[in-house]
Every structure is written in structure tokens, then in C-alpha cells.
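Peer 1: Predicted model and sequence below, questions to follow.
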Amino acid sequence: MSRIVGKEKLLGYLEREVLRKQIWRQAEFCGVEVLTYAVMENHFHVLLRVPDRVKIDDNELIRRVGVLYGEDRAHVLEAGLKGLSAQSLRDQYVKRMGDVSQYMKELKQRFSIWYNRNHGRVGTLWAERFKSVLVESSGSALRTVAAYIDLNAVRARLCKDPKDYRFCGYGEACAGEAKARKGLRTVMEQEKWRRAAWEYRLVLFGKGYYVKMEGKGGISWEDWVRVRSESGRLSVGDALRCRVRYFTEGTILGSKEFVESQFESHRGIFGAKRKDGARRLRGAEWENLYSVRDLRKNVYGR
């Protein structure tokens, strides 16, 4: 996730459309897979899958460069790969691929250049380095984070149904975009879009369901009865309607076994006093979700 400086709402319809396109192009160049995303007026989220590194041949390298830079650059690269400095030229591009940090750095830089040039603006556009969380690649963790992202526009009251928001993965998938459908099929572990679409919509509405209260006021009697019956525990759906720190500051998110395995693999960065890694998520019924960080305060908040 990355936010515009000062939380200013600088991303109008055109700006969100440009960033949406750049998210896909940058991912294709870098060789990472966009599972879903959401571009809002002052920030964006993207859920990425980074595959194992594989050696790419010249044809694939030329194709990726063409996707990001256009045909002219691709033709220059094709000619250069036939020369004496082919390996050096190849390395300049390949070293930028297959890495989340490089993906986000270049995406934000390219969009900043476009935005400042088209708005007569100078200076920093983004507030900070992006925030990231390592998510288990299957099961409840992946589905929950994907739903959290696709429900951004619903939480912001920009739409009632996430399928109606153009600038998110689910909205694109419902509109027929093959790449967006592929990402959500990966999330739902389904080969066919129809089955994935049914199941993911149930996930979205199960986690995003609420009854909208008109105007402002106190808690309704019905809500009070429900909360009492749940002993004050928030459901996952309730939690997803808030800004949840676990999804931006949890660092590692997944099942207890996954978090423990990642903790053991990177034990050195946690200090000698830390004996174990998994911390149960607070504030909701999170099923089998754990984080490596214990965020005791301000788990929720705008």
C-alpha cells in the first residue's frame, strides 16, 4: 500500500485510470502477478504474487520491454542483443525483474513523472515508502487480504457493490478482463472463472456485509443486540470495514504454521529475546490467521 503525500485526494478519474494501467504494465515487465488491487483517491493497494525466478530468453525480454516502453525501445533492444555488449544490456533489464521493491519503486516513479508533467507540479507525490505484508499464498489469509483490498471502495462509500468500482481487481474481473480474472482464480484456487466468481463474491459479501444506517446517530437496538450476542467480538466482515493495521503493518500474515516458519527463516532480525513468531490477530474472529507483530493498540481506525 502507498499513500499520496498529505493524504490529499489527488487521484481523479483520469489519474486512477492511468495508475490502473501502469499497475498491469509494470507487473508484466517485472514478471510478477497482480492478484487484485484497488486505486483510491489518495492511495492504492496491490496484492502481488512473486513467482520463483526463472531465466527468460531474449524473445520474452524483448516482449516485456515492449509492454512497458513501447515498440521503439523493443526494436532497439532487439538490435542491441545481437551486439558485443548483449549480456550487459540484458542484465540492465533483468536485474529489475522479479522483485516487489523494484516493482513498487518503478511504478510510483513512473506515475509521479506522469502526474507532475500533466499537472504542472514538482516535488514528491508519495508520502512514504510503500508498506508491505508477506501473505501466505493460499487459504484464508490470501482470500481475506484480497477481499479487504476489493472492498476499499465500498468502505469509502463510493459504491455499494465492489463490482461497480472500475479501479479494483474485482471490478475489472466482472467486466471481463482476463488478467484480473486470472488473479482472482489464483486467490480462490479455482481453474474456472465461473466457480471462482461465485465463491469470491460470497467471500466479499460475507466479509463486507452491513446494514447502512441513514444519517448520524447512536447505535441501533438491533446492532446492540447483535453485539451482545457475540460477546463484543467483531466478525471478519466487521473488521474489514475498518482500516486494519494488520494488512499494512503486520509484516507477515498467514496461518500459525506459516508465520512460525517465516520467523524461523529470519530469526536473526527479531532479536535474541524473541522465542516464537506467531501472534493471534486481535479485534475480530479471524479464523486461523496470525501475524508476526502483536499490534495491541489502534488495530482499527481511519
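Peer 2: Cool, the structure landed.
Peer 1: quick one: buried residues of the longest helix anywhere in the chain?
Peer 2: Of all segments of type helix in the chain, defined using DSSP state H, the longest is helix 100-119. Across helix 100-119, burial judged by 16 or more other C-beta atoms under 10 Å covers Tyr103, Met104, Glu106, Leu107, Lys108, Arg110, Phe111, Tyr115. The C-beta positions use only the backbone N, C-alpha and C, and glycine is treated the same way.
Peer 1: For it, name the packing helices and strands.
Peer 2: Packing contacts for helix 100-119, counted by 3 or more C-beta pairs under 8 Å, 6 or more residues apart in numbering; DSSP states H and E, involve helix 13-30.
Peer 1: give me the element Val259 is part of.
Peer 2: helix 256-265 (DSSP states H and E).
Peer 1: what's in contact with stretch 265-274?
Peer 2: Stretch 265-274 is contacted from outside by Phe263, Gly277, using C-beta atoms under 8 Å, 6 or more residues apart in numbering.
Peer 1: Check the average confidence over that stretch, would you?
Peer 2: The pLDDT scores in stretch 265-274 average 83.
Peer 1: Now the terminal residues of it, how far apart.
Peer 2: Using C-alpha to C-alpha, to the nearest Å, one end of stretch 265-274 lies 13 Å from the other.
Peer 1: since we're on Val145, how many residues are nearby?
Peer 2: Val145: 26 surrounding residues under other C-beta atoms under 10 Å.
Peer 1: right, and it touches Leu134 too?
Peer 2: No. Using C-beta atoms under 8 Å, Val145 is not in contact with Leu134, being 10.6 Å away.
Peer 1: So for stretch 175-188, what gets flagged as buried?
Peer 2: Buried, per 16+ other C-beta under 10 Å, within stretch 175-188: Ala180, Arg181, Lys182, Gly183, Leu184, Arg185, Thr186, Val187, Met188.
Peer 1: Out of those, list just those in helices.
Peer 2: Members of these lying in helices (criterion: DSSP H): Ala180, Arg181, Lys182, Gly183, Leu184, Arg185, Thr186, Val187, Met188.
Peer 1: tell me, what residue is most central in the protein?
Peer 2: The residue lying closest to the centre of the chain (C-alpha atoms, centre = their mean) is Val46, at 2.3 Å.
Peer 1: Nearest spatial neighbour of it, chain-adjacent residues omitted?
Peer 2: Nearest residue to Val46, sequence neighbours excluded (C-beta to C-beta, 6 or more residues apart in numbering): Tyr37, at 4.2 Å.
Peer 1: Need the per-residue pLDDT for the one you found.
Peer 2: For Tyr37, the pLDDT comes out at 98.
Peer 1: Let me see the contact set for it.
Peer 2: Per C-beta under 8 Å, 6+ apart, neighbours of Tyr37: Arg20, Ile23, Phe44, His45, Val46, Leu47, Ile149, Cys168, Gly169.
Peer 1: make it 7 Å
Peer 2: Applying C-beta atoms under 7 Å, 6 or more residues apart in numbering, we find Tyr37 in contact with Ile23, Phe44, His45, Val46, Leu47, Ile149, Cys168, Gly169.
Peer 1: out of those, which are inside helices?
Peer 2: Per DSSP H, helices hold the following members of the contacts of Tyr37: Ile23, Ile149, Gly169.
Peer 1: Hmm, Asp58 and Leu81 touching each other?
Peer 2: Yes. Look at Leu81 against Asp58 with C-beta atoms under 7 Å: they come within range, at 5.3 Å.
Peer 1: Neighbour count: those two, which is higher?
Peer 2: Ranked by neighbour count (other C-beta under 10 Å), Leu81 and Asp58 place Leu81 first, with 16 against 13.
Peer 1: For that one, what are phi and psi?
Peer 2: For Leu81, the backbone dihedrals (degrees, to the nearest 10) come out as phi -70, psi -10.
Peer 1: OK, contacts around it?
Peer 2: Counting by C-beta under 7 Å, 6+ apart, Leu81 touches Asp58, Leu89, Arg90.
Peer 1: Helices of the chain, start to end?
Peer 2: Ranges of helices within the chain are 13-30, 58-69, 71-80, 86-94, 100-119, 140-150, 152-155, 169-174, 178-188, 193-208, 221-229, 236-240, 246-249, 256-265, based on DSSP H.
Peer 1: Contacts for the fifth one next, please.
Peer 2: Meaning helix 100-119. By C-beta under 7 Å, 6+ apart, helix 100-119 touches 2, 15, 18-19, 22-23, 26-27, 30, 32, 48, 50, 96, 121-122, 125-126, 130, 132.
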